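Novice: let's see this in three dimensions:
(one chain, ligands or ions: 2)
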Amino acid sequence: MTILVAGAGGQLGRELVLRGAALGVVGLDHGQWDVSDPVATARIVAEYRPRVVINAAAHTAVDKAEGEPERALAVNRDGVRHLALACAAQGAALLHLSTCYVFDGAKGTPYTEDDTPHPLNVYGRSKWEGERLLPALLPRHLTLRVSWVFGAHGGNFVRTMLRLAGEGRPLRVVADQTGTPTHAGDIARALLHLARRIQGGEELPWGTYHYPGGPVTTWHGFAQAIMAQARDTGLLDTAPPVAAIGSGDYPAAARRPRYSVLDGTRGREVLGLEPADWRAGLQEVLSAWKDAA
Ligand SMILES: NC(=O)C1=CN([C@@H]2O[C@H](COP(=O)(O)OP(=O)(O)OC[C@H]3O[C@@H](n4cnc5c(N)ncnc54)[C@H](OP(=O)(O)O)[C@@H]3O)[C@@H](O)[C@H]2O)C=CC1
Ligand SMILES: Cc1cn([C@H]2C[C@H](O)[C@@H](COP(=O)(O)OP(=O)(O)O[C@H]3O[C@@H](C)C(=O)[C@@H](O)[C@H]3O)O2)c(=O)[nH]c1=O
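Specialist: Ligands and ions are numbered 1, 2, ... in the order given. Predicted structure coming up:
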């Protein structure tokens, strides 16, 4: 039976489709399936009759969302409602994604699934409003909260840093926001592992889980690693210096949490999800770009 992916054109969606071909993954991109449309969502899920739906669709433009909250909510909250109702009607389970940005960062130690979200920005609020709908609408769901996602496909921090370096621009990156980058390929692998278990008839311990990458760093530390690994891979001649700045030196429309680290203990113990090392994921992405250059 089909594993149906919404948002298949995004960085996670692309990985799911590429890595899930042998499992019968069918991916529909934004143009083919708008999850903010309840009628289309009900029709598509009824048509494919999947055993599992993976929701990789989201409004992820964190600064832009501040100026268009209704658009963020239409996808990140209402889209989740439409998906949950459609899955419930067809007996499908839903694998959903959320974010470390549901937390405000004030805790300063890794966030567990028992911590209460308190988002600082519109994107984080819209994601929290979406995930909190699920328990009442669709008991058979898993929400995986992930953080600082990067991958070979689509826009992300790694691509932005390499573009700025390639243009010879001075690199200045915030060193007071702490978190864990996570490779989209590793998230896709984790989701497909769960989807396969559901396909095999297993009833999983449904609910919310954290799936962080490791080790913990800052955006500045991540940028330094990107430069060093890009040089070693031959994408850059030298690793340009990255100046450490404070969040106040990088004005942005949306506030970001100073501390975004998720505690992956429950996901590891209950679901068997091993946090992946983002440095290996970064190498995979850079090597793919080097091969394609
Ligand atoms: N990116 C990150 O750093 C993080 C992401 N996450 C979560 O992980 C998940 C995957 O994110 P990621 O792959 O990185 O995001 P992307 O922005 O790369 O992909 C999201 C995809 O969703 C599509 N989309 C937007 N609106 C709709 C809609 N109404 N109906 C269907 N598709 C739509 C987008 O299409 P289009 O481009 O045409 O709008 C895009 O292809 C999301 O739930 C996100 O919140 C969590 C933590 C960090
Ligand atoms: C490009 C750039 C960014 N920054 C800062 C801005 C910001 O605080 C931080 C990260 O920048 P970005 O805007 O790329 O990242 P941002 O969009 O905040 O990333 C977030 O995306 C959403 C979707 C999530 O769910 C989060 O987990 C997280 O990954 O780095 C610099 O300091 N210098 C720079 O040159």
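
Novice: the strands in the stretch 101-250 of the chain, which residues?
Specialist: Assigned by DSSP state E, counting those that start in this stretch, the stretch 101-250 of the chain shows strands spanning 141-146, 149-150, 171-174, 178-179, 182-183, 207-210, 217-218, 242-245.

Novice: who touches the first one?
Specialist: Read that as strand 141-146. 84, 87, 93-100, 102, 113, 131, 134-135, 182, 187, 190-191, 194, 204, 206-212, 262, 267, 271 (Cβ atoms under 8 Å, 6 or more residues apart in numbering). (C-beta placed from N, C-alpha, C; glycine too.)

Novice: kindly recompute the last result at 6 Å.
Specialist: Strand 141-146 has contacts (Cβ atoms under 6 Å, 6 or more residues apart in numbering) with 94-98, 131, 134, 182, 187, 206, 208-211, 262.

Novice: surely Leu191 meets Leu95?
Specialist: Yes. Counting by Cβ atoms under 6 Å, Leu95 is a contact partner of Leu191 at 5.5 Å.

Novice: now, which of the contacts of strand 141-146 sits nearest Arg77?
Specialist: Nearest to Arg77 among the contacts of strand 141-146: Glu131, at 9.1 Å, using Cβ to Cβ.

Novice: roughly how far apart are Pro240 and ligand 2?
Specialist: Distance of Pro240 to ligand 2, given as Cβ to the nearest ligand atom, to the nearest Å: 12 Å.

Novice: how about that residue, what does it touch?
Specialist: 165, 171, 227.

Novice: can you name the residues that contact the first one?
Specialist: The one in question is Ala165. Ala165 touches 236, 240, counting by Cβ under 6 Å, 6+ apart.

Novice: next, give phi and psi for Gly108.
Specialist: phi 80, psi 0 (degrees, to the nearest 10).

Novice: surely it meets Tyr259?
Specialist: Yes. Look at Gly108 against Tyr259 with Cβ under 6 Å: they come within range, at 5.4 Å.

Novice: so which of the two has more stuff around it?
Specialist: Tyr259 (19 against 10; other Cβ atoms under 10 Å).
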